[in-house]
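Enquirer: coords below, sequence missing:
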């Protein structure tokens, strides 16, 4: 499971770096979803994050990252949290 977790974190990191390269830092940070994505990706690389329950919970937020590119699911997510 840890190998899969690490592989997913790497995929998300590559996505983040490609977006940063394409949009530039200012363009990337203008979108709140990009800031959220970056936060979740960076949390994934904190050493021993599995041993800290709060960080483990935050790492689960990567699932919500999938909503970023799916418009209807993104709307549903916004409705649910409101």
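Expert: Nice, I can see it. Not measured: the values here are computed from a predicted model.

Enquirer: buried ones in stretch 34-42, by neighbour count?
Expert: By neighbour count with 16 or more other C-beta atoms under 10 Å, stretch 34-42 contains the buried residues 34, 37-38, 40-41. (Each C-beta comes from the backbone N, C-alpha and C, glycine too.)

Enquirer: which one of the residues you listed is nearest residue 22?
Expert: residue 34 (11.2 Å; C-beta to C-beta).

Enquirer: closest one of the buried residues of stretch 34-42 to residue 47?
Expert: residue 41 (15.0 Å).

Enquirer: so what's that closest one up against?
Expert: Shown in contact with residue 41 (C-beta atoms under 8 Å, 6 or more residues apart in numbering): 9, 12-13, 16, 62.

Enquirer: go again with 7 Å.
Expert: Counting by C-beta atoms under 7 Å, 6 or more residues apart in numbering, residue 41 touches 9, 12-13, 16.

Enquirer: burial count for residue 74?
Expert: Neighbourhood size, residue 74 [other C-beta atoms under 10 Å]: 15.

Enquirer: got the buried residues for the helix or strand encompassing it?
Expert: For residue 74, the host element (DSSP states H and E) is helix 71-81. By 16+ other C-beta under 10 Å, helix 71-81 has no buried positions at all.
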